[in-house]
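Chemist: Predicted coordinates and the sequence they were generated for:
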Amino acid sequence: MLKHIVAWNLIETTSEADANKISELLNKLIGQVEGLVHLKVHINLLSTSTRSVVLDSTFTSEQALDAYQIHPLHQDAVVFIKSITTDRVCLDYFE
């Protein structure tokens, strides 16, 4: 299994509704991408966190992650996420 973890900081003026839209957009990919095993978005983390939003996802293979990256629903999410975030960090690894 391949873990794909992504974390972002939100622009200070981001509304709660817009923050929750990240989860809505990414959750649309569940059942749409072959090899996507798990997807969970965490928002409004503890004050000790250095990121505001985390995507925790699992794929069966690198090919499945590649298919996810170019999927039209993912591309829609990317455009929106980039409009309300200030940075992005990513960690991909095999379990």
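Modeler: Thanks, I have the structure now.
Chemist: quick one, helices of the chain?
Modeler: 16-27, 62-70, 72-84 (DSSP state H).
Chemist: Columns mean pLDDT, distance to Lys3 and mean neighbour count on top of those helices, output as CSV?
Modeler: Backbone N, C-alpha and C define where each C-beta goes, glycine included. Below are these laid out as CSV (pLDDT from 0 to 100; distance: least, C-beta to C-beta, whole Å; neighbours: other C-beta atoms under 10 Å):
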stretch, mean pLDDT, distance to Lys3, mean neighbour count
helix 16-27, 96, 15, 16
helix 62-70, 98, 10, 15
helix 72-84, 98, 17, 14
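Chemist: closest to Asn9 out of these?
Modeler: helix 72-84 (10.0 Å; C-beta to C-beta).
Chemist: I'd like the helices of the chain written out as a markdown table, with distance to Asp92 added.
Modeler: Putting those into a markdown table (distance: least, C-beta to C-beta, whole Å) gives the following:
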| stretch | distance to Asp92 |
| --- | --- |
| helix 16-27 | 16 |
| helix 62-70 | 7 |
| helix 72-84 | 15 |
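Chemist: how about those helices, which one is nearest Leu55?
Modeler: helix 16-27 (6.3 Å).
Chemist: So what angle separates the directions of the closest one and helix 62-70?
Modeler: 140 degrees (axes from the mean of the first three to the mean of the last three C-alpha atoms, to 10 degrees).
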